[in-house]
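> next input, structure requested:
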Amino acid sequence: MTEIYIEGQKLDISKEEASLLTYAIDDIKDFSSRNTTFSKTIVLPGTANNNKLFGSIFDVKIQNPYTPANDNVGTNFNASVGASCLIFQDRLQVFKGTLRVLEVIIDNGQIEYEVSVFGELGGLVAALGNNMIDELDFSAYDHVYNAANVTGSWENINGSGYYYPLIDYGEVSTDKIDYDIKAFRPAFYVREYIEKIFAQADYSYSFPLADTQRFKNLIIPNNQKRFEKRTSVLLYVYTTSGYRLIEKTVTPPPKNITYDTTAVLGSFTASGSNGIFTYTGSDTLQTFFNIEHSIRLLGQFFTFSFKLLKNGSVIYDFGDVYRSSEDEVTFGLQVSDLPVQVANGDIFRIEVDVNNTGGGLGTYYVDILESIWTINSPNDVYADINVGDTITVNDTIPKNISQVDFLRSVVKLFNLYIYEDRLYPKKILIAPYVDYYDLNPSGVVDWTYKVDRSKPIRLKPMSELNSRFYNFKFKQDSDYYNDLYRKTYNENYGDYVYDSLYEMANEKTELEIIFSGTPLVGYSGVDKIVSAIYKLNNSVEEKTAFNIRILQAKKITGVTSWDILNGVSILHTGTTYGYAGHYDDPDAPANDIHFGVPNELYFTLATGAINVTQFNVYWSPYMAEITDKDSKLMSCYMKLNNADVFGLDFSKLIYVDGSYWRLNKIEDWNATEPDVCKVELLKVINTIY
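Now for the predicted structure:
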């Protein structure tokens, strides 16, 4: 007896309806894929119960409200969202996942629902949809950008929080010993990205590899051209302490109003403390200036003038103040929402001038009691982050990267099997191929006597399925060192090409991930090894936006004393730095996050093992097995009962006719009336490589 439940409520099914389910863990013909359980179309009758559970969606006049937090059933049913589904055969659970309504058929008043079911992995992909990683909530880590938080992040590299790696983004160091603080941008951990992706999709998971220190070290650095935040406030400076700007002098010079607090510099730079601000943003913007002054004057027969200048020319005149008496006076000057266009390199200042109009030189002075200057954009724009700014960290996360693509690339990088927990709803299990299979002889399942010998058994050499060359690729990028490496070696930094030696197969199969490789660079006479991501234009460094990267983090100690600078000011001096690169340690590497050993290093390696790559650790046993000369893919028919499917575990080796096999796929198993079904198995060549 077959029973189907959605959101815990039982559906009516036709007695003659067959539920053909396919269970899969891998696809040898597409070695980078990972599959899930799915069904062929199931047709359900339009009974009163089913109509109620499906929210009477056959009625085109009905518009039911939908609340995502409630069960997807009844009046809350939404056909565009999967409903949790369980299928039982003779009280044994043979399926757990998601049901979706594909089509409603109305024929002479009779209603039928065509539905399909997908395993939890398919439900996870549907739940993620087109969500982007910058939609994940990292706001708990918003913080002030300063040297203390930069260096403090190096102390606890443990898979969560923020980390400030030293990356040579270009234009951040003149001697490659000392670095401006702009060489440090917050990175976040791969482990926490994965946690937040699953939580946002309302799924749980078990991933033991993520709890290892090596995985906890993995970070995703900021990849913007400039270190920027999203804001409508481009400049906010003020002084409230009061000071004397001008006092009696024979030839009173014009002076700029200066500010003791630069709360927001954004895309402006301040020329010391002389009240001059230069716009460094790349975009030309229409902005609005708001300026307020509280000023105290004293003087007789003097004219005091206040002007806003752009590139040396007056763009707003606050007006002249003529003093005919020596009485001290306090007054205010202001302008609101003054439209001003700003372009890269524009220089702004507010100038105060004093002119003697006759009557001799008396006593005079100009005191700035308070001054506030704000420059706003009508819409949010990206502006430079400066020391002292509070960083909204979500603004620094790589843009236009889908959560699905992010997970898929991590799966490919570590050759992960990602599959459904058989018992717990919406729970995903994750393990690398090298850890997935149970090699204990006591765990082997004997299916020798389940083979239907009346049907053909097909054995296909893997050479007939696979290619000659397998290209494990990082995504191409155009920064200087990636471009140099590709032009020199005709491949991307971090790539690896595996040759199966199949003489009759000439095709090339590619496995590409969204991340780009990141060359490490050492500079002459410097003992810090850094990831360098910039362009060169006539030998001059230029910052550049770049493709998303994945790096390993580590605090490196014992280097020559160096400084973190803010312009010419020293913010920190130390003998440690926050490293990030494809090796776990640039001085003595023990592993590499890239697929292949580089043909060339751009630094001098002292010692270490550079062959412990992602391919050698996570892919080589798999590739050795599927490309071995004796490797075979067997397709046969077996009679599997409910208990076989209920206890189905792809990690268990299958014993058939004196050989061990890995189970790849069970195709079209009839959940209603179990009968023979097609089974695909891969011959085990070695259990240990």
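> show me where the stretch 301-450 of the chain has its strands.
For the stretch 301-450 of the chain, applying DSSP state E, counting those that start in this stretch gives strands covering 302-310, 313-323, 329-342, 347-356, 365-384, 390-391, 416-420, 427-432, 445-446.
> out of the ones you listed, indicate the one that is most buried.
Among these, the stretch with the highest mean neighbour count (mean count of other C-beta atoms under 10 Å) is strand 416-420, at a mean of 22. Backbone N, C-alpha and C define where each C-beta goes, glycine included.
> contacts for it, please.
25-26, 34, 36-37, 96-97, 119-121, 209, 407, 410-411, 427-433, 436, 650 (C-beta atoms under 8 Å, 6 or more residues apart in numbering).
> just the buried ones from those?
Among the contacts of strand 416-420, the ones that count as buried by 16 or more other C-beta atoms under 10 Å are 25-26, 34, 36-37, 96-97, 119-121, 209, 407, 410-411, 427-433, 436, 650.
> still on that earlier bit, narrow the contacts of strand 416-420 to those in helices?
Glu120, Leu121, Leu407, Val410, Val411, Tyr433, Tyr436 (DSSP state H).
> with respect to Asn611, which of those residues is nearest?
Of all the ones in helices among the contacts of strand 416-420, Asn611 sits closest to Tyr433, with 19.1 Å by C-beta to C-beta.
> and that closest one, how close does it get to Val597?
Distance from Tyr433 to Val597, counting by C-beta to C-beta, to the nearest Å: 21 Å.
> helices along the protein, start to end?
Assignment of helices within the chain using DSSP H yields the ranges 48-53, 120-128, 147-152, 190-200, 213-216, 403-414, 433-436, 480-489, 614, 620-626, 642-646.
> who touches the first one?
For helix 48-53, the external contacting residues (C-beta under 8 Å, 6+ apart) are Ile6, Gln9, Lys10, Leu11, Asp12, Leu44, Phe58, Val73, Gly74, Phe77, Ile111, Tyr113.
> kindly report the same for the last one.
With contacts defined as C-beta under 8 Å, 6+ apart, helix 642-646 is touched by Leu21, Tyr23, Gln89, Asp90, Leu92, Gln93, Val94, Lys450, Ile666, Trp669, Ala671, Pro674.
> format those as CSV; extra columns: distance to Val340.
Supplementary listing: the contacts of helix 642-646 in CSV, determined by distance: C-beta to C-beta, whole Å:
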residue, distance to Val340
Leu21, 67
Tyr23, 66
Gln89, 74
Asp90, 78
Leu92, 74
Gln93, 68
Val94, 70
Lys450, 80
Ile666, 70
Trp669, 71
Ala671, 71
Pro674, 77
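> reformat those residues as JSON lines; add neighbour count.
JSON lines is the format used below for the contacts of helix 642-646 (neighbours: other C-beta atoms under 10 Å):
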{"residue": "Leu21", "neighbour count": "24"}
{"residue": "Tyr23", "neighbour count": "25"}
{"residue": "Gln89", "neighbour count": "24"}
{"residue": "Asp90", "neighbour count": "13"}
{"residue": "Leu92", "neighbour count": "14"}
{"residue": "Gln93", "neighbour count": "16"}
{"residue": "Val94", "neighbour count": "24"}
{"residue": "Lys450", "neighbour count": "18"}
{"residue": "Ile666", "neighbour count": "23"}
{"residue": "Trp669", "neighbour count": "28"}
{"residue": "Ala671", "neighbour count": "23"}
{"residue": "Pro674", "neighbour count": "18"}
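> out of the residues you listed, which two sit at the greatest distance?
Gln93 and Lys450 (20.5 Å).
> pLDDT weak spots in the stretch 201-350 of the chain?
Along the stretch 201-350 of the chain, segments meeting pLDDT under 70 span 249-252, 272, 323-324, 326.
> next one: the chain
In the chain, residues with pLDDT under 70: 1, 15-19, 27-36, 249-252, 272, 323-324, 326, 357-362, 463-464, 689.
> what residue spans form the domains of it?
2-128, 133-227+401-407+467-622, 228-384 (automatic domain parsing).
> what is the end-to-end distance of the second one?
Domain 133-227+401-407+467-622 stretches 30 Å from its first residue to its last (C-alpha to C-alpha, to the nearest Å).
> do the last one as well
Between the opening and closing residues of domain 228-384 lies a distance of 4 Å (C-alpha to C-alpha).
> how about the contacts made by the closest residue in space to Tyr481 that isn't next to it in sequence?
Using C-beta to C-beta, 6 or more residues apart in numbering and skipping the chain neighbours, the partner closest in space to Tyr481 is Pro519 (3.9 Å). Contacts of Pro519 were listed using C-beta under 8 Å, 6+ apart, and they are Tyr481, Asn482, Tyr485, Tyr493, Ser531, Ala532, Pro598, Tyr602.
> so which of these is the most crowded?
Neighbour counts for the contacts of Pro519, by other C-beta atoms under 10 Å, peak at Tyr493, which reaches 27 neighbours.
> that one contacts His594, doesn't it?
Yes. Assessed by C-beta atoms under 8 Å, Tyr493 is found in contact with His594 at 7.5 Å.
> shared neighbours, those two?
Common neighbours of Tyr493 and His594, counting by C-beta under 8 Å, 6+ apart, are Phe474, Gly517.
> related to what we said a few turns ago, just the buried residues from the contacts of helix 48-53, in PyMOL please.
To isolate the buried members of those in PyMOL, using 16+ other C-beta under 10 Å:
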select buried, resi 6+11+44+58+73+77+111+113
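> for the contacts of helix 48-53, which one is nearest Thr607?
Within the contacts of helix 48-53, proximity to Thr607 (C-beta to C-beta) peaks at Ile6, which comes in at 59.8 Å.
> residue contacts, the closest one?
The contact partners of Ile6, by C-beta under 8 Å, 6+ apart, come to Leu53, Asn72, Val73, Ala83, Ser84, Cys85, Leu99.
> can I get the residues you listed in JSON lines with distance to Phe348?
Formatted as JSON lines, the contacts of Ile6 follow (distance: C-beta to C-beta, whole Å):
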{"residue": "Leu53", "distance to Phe348": "66"}
{"residue": "Asn72", "distance to Phe348": "57"}
{"residue": "Val73", "distance to Phe348": "62"}
{"residue": "Ala83", "distance to Phe348": "60"}
{"residue": "Ser84", "distance to Phe348": "60"}
{"residue": "Cys85", "distance to Phe348": "63"}
{"residue": "Leu99", "distance to Phe348": "62"}
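> thinking again about what came up before, Gly129 is nearest to which of the strands of the stretch 301-450 of the chain?
strand 427-432 (16.4 Å).
> who's in contact with Tyr449?
With contact set as C-beta under 8 Å, 6+ apart, Tyr449 has no partners.
> do you know how far it is from Leu640?
Counting by C-beta to C-beta, the gap from Tyr449 to Leu640 is 12 Å.
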